[in-house]
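1. Make a model of this:
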Amino acid sequence: MPSGFLSHTQRTQYGHYTGPPSPDDLARYFHLDDVDLGLIARKRGEHNRLGFAVQLSTVRYLGTFLDEPLAVPAPILQTLARQLYIESFDGIESYGTGQQRWQHAQEIRAEYGYAEITEPRVGWRLTRWLYALCWTGTDRPTALFERATAWLMTHKVLLPGCSTLERHVTRLRSRVELRLWHALTRGISDDQQAQLEGLLSVPSGQRNSPLDRLRKGPVTVSATSLVHALQRLQSVRALGIRLPATALIPATRVAALARFASAAKASAILRLPNPRRLATLVAFVHCLEVSAMDDALDVLEALLRELFGDATKADKKARLRTLKDLDQAAATLARACQMLLDPEVRDAELRHKVFENIPREVLAQALAGVNLLIRPAGNVYYQELESKYRTVRRFLPLLVEQVQFGANATGEPVIAALDWLRVNMVHPQKKPASAAPRAVVGKSWQADVLREDDAIDLHAYTFCVLDRLQASLKRRDIFVAPSWRYADPRAGLIDGAEWEATRQVICRTLDLSVSPEPTLEALARDLDRTYQAVAARLPDNAAVRFETVGDQSELVLSPLEKMHEPASLIALRAKVASLLPRVDLPELILEVAARTGFTEAFTHLSERTARATDLHVSLCAVLMAEACNTGLEPLIRGDVPALKRDRLSWVNQNYLRDDTLTAANAVLVSAQSHLDLASLWGGGEVASADGMRFVVPVRTVHAGANPKYFGVGRGVTWYNLISDQFSGLNDIAVPGTLRDSLILLAVVLDQTTDLQPTQIMTDTGAYSDVVFGLFRLLGYRFSPRLADVGGTRFWRIDPQADYGLLNAISAHQLHLQRIVPHWDDMLRLAGSLKLGRVSASGIMRTLQAGDRPTRLAQAIAEYGRIDKTLHMLRYIDDESLRRSTLVQLNRGEARHSVARAVFHAKRGELRQHYRAGQEDQLGALGLVLNMIVLWNTLYMDAALSQLRANGYSVIEADVAHLSPLLHEHINMLGRYSFLVPESVAKGEMRPLREPEDTVTGAL
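-> Residues are numbered from 1 along each chain as shown. The predicted model follows:
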C-alpha cells in the first residue's frame, strides 16, 4: 500500500483550523480556568497574554502548535480576549514575529505535560494500540490515521508531521498483513500449496480456471444441481485447509481476503506476491466451505419443498379425477346405510333386504372404491412420492456422507434416522433394514412405513425422514457447522458467567427488572388503567360499535374517513413541485456525492490499491447502473477515463458490497436527518417495515414461488425499514414471500444509522404474540395496523375487573405464572438479540418444538399478549394513532412507487442468480432512493424559503404534509444522442470491435 494515502484536502486540514469552532467546542477547548488565568497573568503585555492563550487553546483543540500562532478564526480571538478583559487587538501582530512565542510553546509543553511522539514510551504505546486495531479490524488507512490522531490528542502528544504519521500507519499495517499471511499459511504442506496454486491455472482446452468453477454456486433446484453442490463442497474439503486454532485470526480479516478472491480474476490473484497469494487462497477456501455448505442446503430445502409440494398437487389432481367414482361409490354405501338405519327393517331380514336392492358384488366394489379413494387425516401423499424415489436416491447418499448434522433434543430422532440411512444407503450390507430407528416415524407416516409384518418399508422410511428433516431444518432443530445460514442460532446466546456479569447491564439498558414481579406488576397496572380509560370513553367513540355474531359480541371498528386536504396544502404542493429543478438522475447522484461525501464510505475490497482519479464518478455510475437495472453498458464512455468499461467493471467488483453500501447509507440518512425540513416530517423515532416484490426470471435457488405476486414464476421480497423522515434505514432480500414476522426483528435490530426508531409500524400480516413479546422486551413499541379488530383477542389479567362494554370481548385471561419461571431466559434472549449475538430470524425459528411452541415461546407470547392488548385498546381509542399508522405505511408504499420508477429497465425484473448479487443490487437501489429523498428535501427547503421571501403565505402545518418522494422532475431514462462520427456520416463503416472489448472483469 502506498504511504501517501491521504487526499490533498486531508493533508491541508491536518493540524489546522478548517473553520470557526462550534459553540460547544468553544466552551470545551477555549475556556480558561483559574490555573490558565494565573499562568497567563504572569505575561507582560496584552499581546503576550492573548498570544499565550491562543497557543494554549490551539494545542488543546488541534493537538499541535501553528507556525503562525495567531492565524485562527476570529471567534477564538474574541472568546479568549473577553476572558482576559482585552478590548483591543492593536499590536497583536507583533506576537507572531517575536521570539516570545517559542518560549511560550516550550512553557506550555512543560506546564501541561505535552510530549513528543519520538519519546520511546509514547511511540511504543501508540504502536501497540494501533497494532491491536489493525489486527482485530479492517479499518482503511485514513480511518486508522484519524484514530491515531485522536489518540495522540487524548494522551497529550504533539502531532507529528503528516507524512511521518502516514508512514507509521503504513508500516504498521504492513507488519499486521505479514503476520496475517504467515498465520494463515502456517501448516500448509507443499502438496496443499500446489493444489491451491493449481486453482488459478486454466487447463488446456478450457476457458475457466478451477477457481472460477468453485466460485459458481448452484442456480437451479434439482437433484442434479444438489449433487453438483455437494460435489463442490467435497472438492473444497478435499483440499484439507484448516486454519490453525492457536493463531486466533479475526474472522473479519479472513473474510476480507476471501471476498477479494471471490471477486477478482484468477490472473489478478496470480500476480499477487507469493505470501499474500497463498494466504488469500487459504482464506478463500476456508470461507468457501461455509458458503458451499449453505448453497447445498439452500438447494436441499428448495428441492424438498418442491418434492413434497408436487406430491400434494399430484394428489389433488388425482382426487379431482376420481371424484365422480367416489361419489358413485359413496351413493351406493349411503343407500345401504339408509336401509341399515331403517327401523322398519327387522334384523333378521336386513342382509336379505340390502342384497336384494344392492347386489353383493356392487356393494363390495363400492366399499373397495371408497377405501381406495379416501384420504386419512394428515395424509403424507406417499403414493405420489414413491415415484420420486429414484430422484432421492441420486442425492441422498452423498448428502448424508458430506453433511454432518447436529440437533437439539427435538431433532435427535432425525439425526439417528439419517445415521441409519448413511449406513444402509452407502453400505447397505452392514445393517438390516429392521433395525431402523422408529422414533422419527410419526402417526401420519406409520401406515406407509410399517408393513404388516412390522418390517420397515425403506422407500417410505426415506421419505418420512426427509419430511422430518425439512421441518427440522426450517425450525433449526437440526443445524450444521460450519455454516452462516444453517448454524445453531442458540450457540451465540449469552450464558454462564458472562450472563451473570451482564444481567444487570442488560436489564438497565432494556428498562426491565431482574426479577419478573416489578415489571409484570407495572404492566398489570398499565393494562387495567388503559382498560378503564378506554371503557369510560367508549360511549363517545363513534368509530367503535358492537355487533352480535351468533351468541358472541364482536367489536367493529369503522374505517378511517378520508381526510380532505385543505386548498392551501394542495396549492403549496403544486408551488413547491413547480420550483424543483429538472435534473437527470446522474447529475442528482453526483450532486449528492459532492454535498455528503458518501463515496468515501466505499473502500477497495483488498485495501491494497490507492483510490483512482475521479473514483467518485465511477462509483456513482455503477450505483445508477445497479439501481436502474440497466447494467453498465449504457453508461460506458470510451472518452471518459472514469466511465470506461474496465474502470466500471473494476469498481463494481471491488467497491460495491454489503458493508460499503451500509456505511454509505448511514452517511445519507445522517445528512437528511439534520435538515430542518426533515424534522418537520418526523423525529426519527418512528419507522415502518414493508416488503416490495420483484420477479426473478433467471435460474436461481434464491427465489421462491407465490402465484399472487410472481405469477407462474419465482421472485424475492425486498423488505425495507423506512423512517418517518422518508429515508430507508435498512433492507433485507428474502427469497419468495416469507412471513414478515420472521425477519421483522432482524431488519430493525441490524440497522446502523444515526436514527434509532423506537416505534415500529407494520401492516396487518406482520405480527404475532411472540413478535409483540420480543419487541416489548427489546424496548420497542410494536404498532401494526389492525385490519380486523373483531377477530382479535383482547386479554385481561384480573377476571373480576369490570370494564363495562369491553367485558364482552375481553374474556380471555392471561396467566402470568407462565412468564415467571422463564423470566431469566427471556432476559437472556433479549440481551443476546440486543447485542447481536444471535440472529433474530434464526431465533424465531427455534421457538417451536415439533408443531408446538416451546415453554419459553409460550412465556414470550403471554408477555406479548399484554402489549398486544395495550396496543389494540389504544388503537381503537385513539384516531390519531390509527391515522399516523396509516400515514407512515403510505409513506412506505410511496417510496416503493419511486423504487419502481428507478428500477425501470428489463421490465423491472431482478436478474441476479446469487444472493450476494441480489442484496448488492437492491442495496444500491435503496441508496439511490435515499439520494432522491435527500436531494428533494434540500431543494424543497430552498423552494419554501423562496416562497416565503416572495411573500407567499406558507402554513407550517401544510409543510409537515409535504413529501420528498416526488420524481416527475427527475429524468431516469437517460438521453439519446443523434450524433454520429463524421466518418460514418460520410458513408464509411464503423471499425469492428477487438475481442478483448467484450471481456469484463476485475483488474
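2. Count the neighbours of S515 for me.
-> Residues within reach of S515, counting by other Cβ atoms under 10 Å, total 12. Every residue, glycine included, has its C-beta placed from N, CA and C.
3. Quick check: pLDDT value at it.
-> For S515, the pLDDT comes out at 93.
4. Ignoring the adjacent residues along the chain, who's closest to it?
-> W823 (7.2 Å; Cβ to Cβ, 6 or more residues apart in numbering).
5. I figured that neighbour was touching P516, is that so?
-> Yes: between W823 and P516 there is a contact at 3.8 Å, judged by Cβ atoms under 8 Å.
6. can you give me the offset of stretch 8-28 from its chain's centre?
-> Distance of stretch 8-28 from its chain centroid, counting by Cα atoms, centre = their mean, to the nearest Å, is 36 Å.
7. what are the ranges of the helices in the stretch 651-800 of the chain?
-> 658-673, 676-681, 707-710, 741-749, 769-777 (DSSP state H, counting those that start in this stretch).
8. So which of these is nearest D724?
-> helix 676-681 (6.2 Å; Cβ to Cβ).
9. The closest one - what's its average pLDDT?
-> Mean pLDDT, helix 676-681: 94.
10. Next, the buried residues of it.
-> Using 16 or more other Cβ atoms under 10 Å as the test for burial, helix 676-681 gives L677, A678, L680, W681.
11. Please apply the same query to stretch 234-251.
-> Going by neighbour count (16+ other Cβ under 10 Å), the buried part of stretch 234-251 is V236, L239, I241, L243, I249.
12. starting at the chain centroid, how far to the one helix or strand F308 maps to?
-> Take DSSP states H and E as the rule and F308 turns out to sit in helix 274-340. In terms of Cα atoms, centre = their mean, the centre of helix 274-340 is set 28 Å apart from its chain centre.
13. same question for that helix, mean pLDDT?
-> The model assigns helix 274-340 a mean pLDDT of 84.
14. Can you mark which positions in the very next helix or strand once past that helix are buried?
-> Moving toward the C-terminus from helix 274-340, the next helix or strand (DSSP H and E) is helix 347-357. Under the neighbour-count criterion of 16+ other Cβ under 10 Å, helix 347-357 has K353, V354 buried.
15. Just want the angle from helix 347-357 to helix 274-340.
-> Counting by axes from the mean of the first three to the mean of the last three Cα atoms, to 10 degrees, helix 347-357 points 110 degrees away from the direction of helix 274-340.
16. For helix 347-357, name the packing helices and strands.
-> Packing partners of helix 347-357 (3 or more Cβ pairs under 8 Å, 6 or more residues apart in numbering; DSSP states H and E): helix 274-340.
17. what about P75, how many neighbours?
-> 15.
18. pretty sure it contacts Y29?
-> No: between P75 and Y29 there is no contact under Cβ under 8 Å: 12.0 Å.
19. shared neighbours of the two, anything?
-> P21 (Cβ atoms under 8 Å, 6 or more residues apart in numbering).
20. what secondary structure does T548 sit in?
-> Secondary structure assignment for T548 (DSSP: H, G, I helix; E, B strand; the rest coil): strand.
21. what about the stretch 601-750 of the chain, any weak spots by pLDDT?
-> Across the stretch 601-750 of the chain, the ranges flagged by pLDDT under 70 are 606-611, 738-742.
22. For it, which segments are assigned as strands?
-> With strands called from DSSP state E, counting those that start in this stretch, the stretch 601-750 of the chain shows them at 686-695, 704-705, 714-723, 728-735.
23. Format the ones you listed as CSV; extra columns: distance to S963 and mean neighbour count.
-> Formatted as CSV, the strands of the stretch 601-750 of the chain follow (distance: least, Cβ to Cβ, whole Å; neighbours: other Cβ atoms under 10 Å):
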stretch, distance to S963, mean neighbour count
strand 686-695, 14, 24
strand 704-705, 32, 18
strand 714-723, 12, 25
strand 728-735, 14, 23
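24. Relative to V928, which of the ones you listed is closest?
-> Comparing the strands of the stretch 601-750 of the chain under Cβ to Cβ, the one sitting nearest is strand 728-735, at 10.2 Å.
25. Neighbouring strands - and their directions - for the closest one?
-> Sheet pairing of strand 728-735 (DSSP bridges) gives strand 714-723 (antiparallel).
26. just checking, which of the buried residues of stretch 234-251 belong to strands?
-> Residues of the buried residues of stretch 234-251 located in strands (DSSP state E): none.
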